[in-house]
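Chemist: model the structure of this input:
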Amino acid sequence: MSLKSVPRHLWDFRRGMATARVLCQLGFDHGLSPEAMFRHTGLHRTTIEDPKGEIEAQQEIQLIRNLVAELPHLPLLGLEAGKRYHVTTYGLWGYAVLSSPNLGMAVSMGSRMLNQTFSLTTNEVEQVGEQIMVTFHSDHLPPEVRQFIIDRDRAAALTLQREVLGRPMPYTAVLMRRPTPDEATIAAYTELFGVQPLFGQAQDRSLFAAALMHEPLPQADPHTAALCEQMCKRLVDARSSRTGVAAQVRDRLMRRPGHIPDMEEVACEMHMTSRTLRRHLTAEGASFRALLEEVRSTLAEELMTSATLTHSEIAERLGYADVTTFIEAFRRWRGVPPSEFRKAQGVYRPNGASRRRFIPR
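Modeler: So this is what the prediction gives:
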């Protein structure tokens, strides 16, 4: 795939500052000074700490160029970088992936949320017989950083897949264009992917069984649930403050994405009757319904402005029985239907999307 055949919007978009923090911390951990790390990037410590900050793709490439130039004795630096991109790094994009019903729907959703990722490679997903084949394209990238980025993006994809599935990704084959490296590097790749790669291949590809696409994601897995809860809690905490029993109830409402417990269930978890729970909330000037609306409205707005999910997919992730009920609730919260809200925010929601294009990071 040549540079001309890769549309710039598939990789050259502004991205969240989280990726700069990951790369810079990697450099600092290996002894690089801020001056060496930030050289020719226009960045500094203050800018990368901005939680709402964004950088250009070329700035990220320059950060990587600095890493590669300063640490040439670390051939596996890209793999080390990729393993630092956890699902929480992606914010609400990570929540949307984790709360998908199965891997196939996560793939489809991810393809419509390209600008929420940090990928610099462009990726294609297609089914060939009983196998899913993920191809990583990198010819559009500068040669001096290409291998680092390939390694990083593939390791980050694997890290995300492992956290989404709740277990290691069972690859059937891993193909690499790079020549056969030394034994230590081969061993590192094999340990990461769970299978020894084939080197000198025509494409950078990963293959796994197509049946995995239909496997339900383990949303109740303790680690997965904790990651979702952390992301959602940070968001809702930023929008409102709660203490006491009301804070405990709100935390329980965010604990399992896709499953919103009723008042009886929450009261049981808190070892009290629903009547006692209601009395505590009333004393704090709160109600179960109001807390539920608070959580749902905050997450709904964020998902519609930072993720290109359909209204049905958002309704599903927020625990609604159907999309109509969600639309009515959103109109009640914001005074306009979701479609008008998105239009006012400049968010385009496609009617459909190809399932053959996916950025799995």
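
Chemist: just the helices in the stretch 51-200 of the chain please.
Modeler: 57-70, 77-82, 92-98, 103-111, 143-165, 183-193 (DSSP state H, counting those that start in this stretch).

Chemist: hmm, who's touching stretch 323-340?
Modeler: For stretch 323-340, the external contacting residues (CB atoms under 8 Å, 6 or more residues apart in numbering) are 293, 296-297, 300-301, 304, 311-312, 314-315, 318, 320, 341, 344, 349. For every residue, glycine as well, the C-beta is placed using N, CA and C.

Chemist: so which of those residues sit within helices?
Modeler: Mapping the contacts of stretch 323-340 onto helices (DSSP state H) picks out 293, 296-297, 300-301, 304, 311-312, 314-315, 341, 344.

Chemist: which of the contacts of stretch 323-340 are buried?
Modeler: 296-297, 300-301, 304, 311, 314-315, 318, 320, 341, 349 (16 or more other CB atoms under 10 Å).

Chemist: show the end-to-end separation of stretch 275-290, please.
Modeler: 16 Å (CA to CA, to the nearest Å).

Chemist: so which of the helices of the stretch 51-200 of the chain comes closest to T117?
Modeler: Nearest of these to T117, taken as CB to CB: helix 92-98 at 6.8 Å.

Chemist: for that closest one, name the packing helices and strands.
Modeler: Applying 3 or more CB pairs under 8 Å, 6 or more residues apart in numbering; DSSP states H and E, one finds that helix 92-98 makes contact with helix 103-111, helix 143-165, helix 222-239, helix 288-306, helix 311-317.

Chemist: 7 Å instead?
Modeler: When contacts are defined as 3 or more CB pairs under 7 Å, 6 or more residues apart in numbering; DSSP states H and E, helix 92-98 sits against helix 103-111, helix 222-239, helix 288-306.

Chemist: show me where this protein dips below the pLDDT cut-off.
Modeler: Applying pLDDT under 70 to the chain flags residues 1-10, 109-116, 219-242, 255-259, 306-308, 346-361.

Chemist: not counting residues beside it along the chain, what's closest to the spatially most central residue of it?
Modeler: Nearest to the geometric centre of the chain sits G94, at 3.0 Å (CA atoms, centre = their mean). Distances taken as CB to CB, 6 or more residues apart in numbering put V87 closest to G94, at 4.0 Å, once the chain neighbours are dropped.

Chemist: could you check how far the one you found is from L165?
Modeler: Distance, V87 to L165, using CB to CB, to the nearest Å: 11 Å.

Chemist: same question for L217.
Modeler: 7 Å.

Chemist: just want to know which of the two has more residues nearby.
Modeler: Higher neighbour count among L217 and L165: L217, with 21 against 18, using other CB atoms under 10 Å.

Chemist: list the contacts of that one.
Modeler: Applying CB atoms under 7 Å, 6 or more residues apart in numbering to L217 gives the contacts 100-103, 106, 164-165.

Chemist: quick check on those: which are buried?
Modeler: Using 16+ other CB under 10 Å, the buried ones in these are 100, 103, 106, 164-165.

Chemist: switch those over to JSON lines; also include distance to I327.
Modeler: Formatted as JSON lines, those follow (distance: CB to CB, whole Å):
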{"residue": "S100", "distance to I327": "21"}
{"residue": "L103", "distance to I327": "27"}
{"residue": "A106", "distance to I327": "24"}
{"residue": "V164", "distance to I327": "28"}
{"residue": "L165", "distance to I327": "32"}
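
Chemist: what count of nearby residues applies to the spatially closest residue to L26 that is not a sequence neighbour?
Modeler: Leaving aside its chain neighbours, L26 sits nearest to A81 (5.4 Å; criterion: CB to CB, 6+ apart). A total of 24 residues lie near A81 under the criterion other CB under 10 Å.

Chemist: isn't A81 right next to R152, touching?
Modeler: Yes - the criterion here is CB atoms under 7 Å, and A81 meets it with R152 at 4.5 Å.

Chemist: can you list residues touching both of these two?
Modeler: With CB under 7 Å, 6+ apart, A81 and R152 have no common neighbours.

Chemist: so V249 sits in a helix?
Modeler: Yes - membership of V249 in a helix is supported by DSSP: H, G, I helix; E, B strand; the rest coil.

Chemist: how near is it to L92?
Modeler: 22 Å.

Chemist: next one: Q196
Modeler: From Q196 to L92 the distance is 36 Å (CB to CB).

Chemist: out of these two, which sits in the busier spot?
Modeler: The residue with more neighbours, out of Q196 and L92, is L92; 19 against 13, by other CB under 10 Å.

Chemist: circling back: what's near enough to touch the residue nearest to G94?
Modeler: Applying CB under 7 Å, 6+ apart, the residues near V87 are 94, 97-98, 160, 163-164, 227.

Chemist: K83 contacts D153, correct?
Modeler: No - contact criterion CB under 7 Å: K83 and D153 do not qualify, at 11.8 Å.

Chemist: out of those two, which sits in the busier spot?
Modeler: Per other CB under 10 Å, whichever of K83 and D153 has more neighbours is D153, with 27 against 15.

Chemist: so that one makes contact with T121?
Modeler: Yes - at 4.6 Å, D153 counts as touching T121 under the criterion of CB under 7 Å.

Chemist: which residues are in contact with each of the two?
Modeler: F136.

Chemist: re the thing from before, could you dump the contacts of L217 to JSON lines with distance to R275?
Modeler: Putting the contacts of L217 into JSON lines (distance: CB to CB, whole Å) gives the following:
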{"residue": "S100", "distance to R275": "37"}
{"residue": "P101", "distance to R275": "35"}
{"residue": "N102", "distance to R275": "39"}
{"residue": "L103", "distance to R275": "42"}
{"residue": "A106", "distance to R275": "40"}
{"residue": "V164", "distance to R275": "39"}
{"residue": "L165", "distance to R275": "41"}
